[in-house]
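K.L.:
Sequence first, then the predicted structure, then my questions.
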Amino acid sequence: MTTVRTNDCSTSAAVLYMAFELAESKWKLGFTTGLGQQPREREIEARACVCVEEEIQAAKERFGLPAETTVVACYEAGRDGFWLHRYLLSLGVKNSIVESSSIQVDRRKRRAKTDRLDLKQLLKMLVRWHQGEKDVWRVVNVPTSAEEEGRQLHRELETLRAEQTAHSNRIKGLLAACGVTLPTVDRHFPKRLKGVRLWDGSAVPADLHRRLLREFERMQGVNRQIRELEKERAQRARQDDADVGVVQTRELLGLKGIGINSAWQYTREIFAWRKIRNRRELGALVGLTGSPYRSGQVDHEQGISKAGNRRVRAMAIEIAWSWLHFQPQSALSGWYEQRFAHGGKRLRRIGIVALARKLLVALWKYLETRVPPEGAALSDWKTKIYDNTPSLQG
């Protein structure tokens with residue numbers, strides 16, 4: 001009896017792979033059609049879009065590909081942001097933005113690193129990723145232009161508040177160097193500065209006095225911008241009914257213990273535009289997932305990964321403490337009190353991180369189902385939206 005074997009073979013359409021190595025003044029482009037092939041490398045002026053189109057066409061001719069050949073591209077996430085991704089999509093290129101920290105590198109202490117070597121590595125991994133090896137790296141989830149625009153206000157506020165703190169600390173530090181302590185730097189600072197006396201009863205030196213006043217003026221400018229942005233945010237939160245982020249912000253404000261800063265940041269950074277599938281994905285987005293180390297006889301936990309959105313992670317920890325204070329009757333607060341509240345400082349810090357993750361998941365479920373967390377007290381969102389912040393200095 002003769003056994004006949006038939007092999008079903010399918011030839012996939014040719015693909016042109018393209019990788020970018022981005023820099024401030026020059027870009028390196030690499031092209032290939034598959035593994036084991038010497039890539040075509042070119043260098044162009046940074047942000048020269050016409051040159052990108054010309055190089056794609058030249059690469060197709062070089063490899064003998066038809067004009068309609070699919071182009072698959074990638075580049076590392078960085079300062080160039082998402083505009084290049086949107087431009088490539090407009091050309092019909094299937095582009096992906098790669099998370100830089102997820103790219104595999106040689107673990108030797110001294111390894112060769114050049115833009116040319118990095119470009120070749122990107123090309124190799126792009127081919128592997130496109131052929132189905134999805135765990136070679138992590139791809140960035142790209143927001144739309146409108147979603148990216150929605151993150152500008154609260155991020156600018158974050159920057160301004162850091163500048164405000166820096167100016168205040170600098171004023172206090174300069175005075176402390178002279179033996180003078182001021183608890184706060186408010187709008188009456190110039191008048192109070194005139195009456196300040198050093199250890200020997202003398203007035204503040206003239207040059208230092210002028211420097212302190214200039215520093216105070218810069219801080220006042222920052223305070224004014226903060227008030228203007230918070231007024232704009234409050235106006236949007238009251239009036240914009242068509243924005244999904246605003247609607248979700250109001251819903252979060254309906255929970256006692258959640259303020260305008262945390263609600264706005266949660267929605268703009270994650271909830272309003274990310275399609276979250278499960279709680280594990282949500283924890284990974286903010287870096288609140290564990291990092292086990294299990295090899296041979298070694299088995300220990302390295303702590304949370306801290307690989308996600310640092311802004312939301314920091315806010316989640318703050319809101320977890322606030323939740324314990326304003327929602328003592330909730331099930332989450334009871335869980336924390338039972339497991340961690342009676343331990344030492346280290347155990348309580350570990351517990352607050354666990355509570356932060358549980359609370360973040362509970363808020364996500366609340367936005368999805370409109371069912372508040374178990375035992376949570378509600379409040380009126382309108383009372384939490386204000387035009388000016390009373391705690392602002394000046």
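P.N.:
Okay, I see it.

K.L.:
At which residues are the strands of the stretch 151-300 of the chain located?
P.N.:
290-295, 298-304 (DSSP state E, counting those that start in this stretch).

K.L.:
now the helix or strand following the last one: how far from the chain's centre is it?
P.N.:
The C-terminal neighbour of strand 298-304 among helices and strands, as given by DSSP states H and E, is helix 310-326. Helix 310-326 has its C-alpha centroid displaced from the chain centroid by 16 Å (C-alpha atoms, centre = their mean, to the nearest Å).

K.L.:
From the contact counts, what lies against helix 310-326?
P.N.:
Using 3 or more C-beta pairs under 8 Å, 6 or more residues apart in numbering; DSSP states H and E, the elements in contact with helix 310-326 are helix 260-266, helix 331-339, helix 345-369. (Each C-beta comes from the backbone N, C-alpha and C, glycine too.)

K.L.:
low-confidence ranges in the stretch 1-150 of the chain?
P.N.:
For the stretch 1-150 of the chain, the stretches flagged by pLDDT under 70 are 1-12.

K.L.:
which stretches of it form strands?
P.N.:
For the stretch 1-150 of the chain, the strands defined by DSSP E, counting those that start in this stretch cover 15-21, 26-32, 40-45, 70-76, 94-98.

K.L.:
show me the contacts for the spatially most central residue of the chain.
P.N.:
Residue closest to the average C-alpha location in the chain (C-alpha atoms, centre = their mean): residue 309, at 4.0 Å. Neighbouring residues of residue 309 by C-beta atoms under 8 Å, 6 or more residues apart in numbering: 269, 270, 285, 286, 287.

K.L.:
again, only this time at 10 Å
P.N.:
265, 269, 270, 274, 285, 286, 287, 315, 316 (C-beta atoms under 10 Å, 6 or more residues apart in numbering).

K.L.:
how close does the nearest residue to residue 56 once chain neighbours are set aside get to residue 148?
P.N.:
Counting by C-beta to C-beta, 6 or more residues apart in numbering, residue 71 is the residue found nearest to residue 56 once chain neighbours are left out, at 6.1 Å. Residue 71 sits 24 Å away from residue 148, taking C-beta to C-beta, to the nearest Å as the criterion.

K.L.:
same check, this time on residue 113
P.N.:
Counting by C-beta to C-beta - residue 113 and residue 148 are separated by 31 Å.

K.L.:
and these two? which has more neighbours close in?
P.N.:
residue 148 (16 against 11; other C-beta atoms under 10 Å).

K.L.:
quick one: buried residues of whichever helix in the chain runs longest?
P.N.:
In the chain, with assignment by DSSP state H, the single longest helix is helix 206-239. By 16 or more other C-beta atoms under 10 Å, the buried positions in helix 206-239 come out as 212, 215-216, 219-220, 222-223, 225-226, 229-230, 233-234, 236-237.
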